[in-house]
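[1] Let's see this in three dimensions:
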Amino acid sequence: MSDVNITINGGNNQILPNATEAKQIFYGDQFAEKMLSGESPKEESLPEVDKLSIYISKENIPDYLAQIGECQTATELAKVVVEMAEHEPRLTAEEIVKERFISQLLPFAFKLTKGRTVDNVRARINDAWMKRPRHRSNP
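    This is a model prediction of the structure:
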């Protein structure tokens, strides 16, 4: 028997001590490869992208995904999310901090290596939302 170290960092985890085999399946990796290689995605869209169209207009999704893919910190990701909320009518201040929205963004944040938990991203979004410039309607 060999020693095995298991490190768990958030997410849903299932530990099977009697398992003889384990598989890890990544969804959306074809889209990531195309984005990183500079190819434009095919007309058929991935389910992950379709889920984002609930919040973001379809013509803006490629631009936002490119910005999200370049984020190296949760703070950078939060700034993109706040910009999205300011331009997308279906994204509200309440919606951008919900787990269901943040968890849909994280698979596209390829360069984000630290602070990938929903709670950390939510905290950075709250910080960025509070720091955003407010537009005054009256002089």
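[2] Only the buried residues of stretch 120-128, if you could.
    With burial defined by 16 or more other Cβ atoms under 10 Å, the residues of stretch 120-128 counted as buried are 120-125, 128. Where you see a C-beta, it was placed from the backbone N, CA and C, and this is true even at glycine.
[3] For the residue positioned nearest the centre of the chain, which non-adjacent residue is spatially closest?
    Centroid-nearest residue in the chain, with Cα atoms, centre = their mean: Leu105, separated by 1.8 Å. Spatial nearest neighbour of Leu105, excluding adjacent residues (Cβ to Cβ, 6 or more residues apart in numbering): Ile68 at 6.0 Å.
[4] ok, now how distant is the residue nearest to the centre of the chain from Ile61?
    11 Å (Cβ to Cβ, to the nearest Å).
[5] how many other residues sit next to Val80?
    21 (other Cβ atoms under 10 Å).
[6] That one contacts Tyr64, correct?
    Yes - counting by Cβ atoms under 8 Å, Val80 touches Tyr64, with 6.8 Å between them.
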